[in-house]
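Visitor: missing the sequence, but the structure's below:
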């Protein structure tokens, strides 16, 4: 985590100073203005660290304010970088074809346009991240099911309850979940974000949802970042049964929940060899539902449907191109074989910037229908 944080701060710091030097080249700041801007940039670069320190000191209101300011700025800087690089590429191509094509004028216009578009996308993405979509799927199975052969499984993933996803924002998510009338509710990891001492009361909101056949959860990487024992308590207090390399049979469904790789690296969970004991034989009469936070797929395992999250669908365009490098199946429904498929959720909340662009948040409703 420390190595990741240092790498992230180096890259993020570089993007901030890229934006600074592009602005300086256009606007020609005075020495005093330049100094003030650099101080603000250093604050924004270190905002993720400052937020954690404020949380540890129980300065909740100040931590939330810093989170909103710091993470919205983060979204702006990332977008500005990609948009400005695109415009610069266009400008250089134009220069190749016409040496006198008003290069300085275009540079100024493209810079202003990059700033404008970045601001507009951040504003749009901030509000769009709060509009929860309901993604509906029907999956037909030969396996017998109760309730006239129809079970509704509702998936939430990557809610990231924390400084930003809480109170009314969380209530809105859970109201939508309640309206879907789940028979089974599953959380495929990252229910929590980071420091959780100030959000333990939010577990109460989850307890109002009482599906007929229960609520089940698996760990994500952020459960470990937040502290696995505290995360476990929060999840259980929210009414979920946590499956950590464990299985549960309910309503004709064999539910298998796997530990997140982050936990396995820290010595939690079973060995990979022992995991095979969790999976029924090929002649099982039950529908096998696999819950796994990260969307890695092992086709040799015996399951009928794998539910995963983790990627957020990229969250902010064009990051989906980067998530695809690590997870080729990074979003949506994928049929693996006749009776085997995987669905990867875009996630219900946000991580870092409370912004989504071309990757809206979702709650997934899966109607499992028996053919028999």
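Guide: Everything's here; your move. As the structure is a computational prediction, the values presented were derived from the model and not from experiment.
Visitor: going forward, measure contacts and count neighbours with C-alpha atoms only.
Guide: OK.
Visitor: could you pull out the helices for the stretch 1-150 of the chain?
Guide: Using DSSP state H, counting those that start in this stretch, the helices found in the stretch 1-150 of the chain span residues 2-27, 31-45, 47-56, 60-97, 103-128, 146-149.
Visitor: And these: which comes nearest residue 221?
Guide: Nearest of the helices of the stretch 1-150 of the chain to residue 221, taken as C-alpha to C-alpha: helix 2-27 at 12.9 Å.
Visitor: still on that earlier bit, turn the helices of the stretch 1-150 of the chain into JSON lines, columns for distance to residue 163.
Guide: JSON lines is the format used below for the helices of the stretch 1-150 of the chain (distance: least, C-alpha to C-alpha, whole Å):
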{"stretch": "helix 2-27", "distance to residue 163": "19"}
{"stretch": "helix 31-45", "distance to residue 163": "17"}
{"stretch": "helix 47-56", "distance to residue 163": "9"}
{"stretch": "helix 60-97", "distance to residue 163": "6"}
{"stretch": "helix 103-128", "distance to residue 163": "15"}
{"stretch": "helix 146-149", "distance to residue 163": "40"}
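Visitor: show me where pLDDT drops low in this structure?
Guide: Where the chain drops to pLDDT under 70, the residues are 1, 99-102, 273.
Visitor: Could you list the domains of it?
Guide: 2-128, 134-370 (automatic domain parsing).
Visitor: follow-up on the earlier one: format the helices of the stretch 1-150 of the chain as TSV; extra columns: mean neighbour count and distance to residue 320.
Guide: What follows is the helices of the stretch 1-150 of the chain, written out as TSV (neighbours: other C-alpha atoms under 10 Å; distance: least, C-alpha to C-alpha, whole Å):
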stretch	mean neighbour count	distance to residue 320
helix 2-27	14	18
helix 31-45	14	23
helix 47-56	17	22
helix 60-97	17	13
helix 103-128	17	15
helix 146-149	12	37
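Visitor: Those: which one's closest to residue 157?
Guide: The closest of the helices of the stretch 1-150 of the chain to residue 157 is helix 103-128. By C-alpha to C-alpha, the value is 17.3 Å.
Visitor: which helices and strands sit right next to that closest one?
Guide: With contacts taken as 3 or more C-alpha pairs under 8 Å, 6 or more residues apart in numbering; DSSP states H and E, helix 103-128 sits against helix 2-27, helix 60-97.
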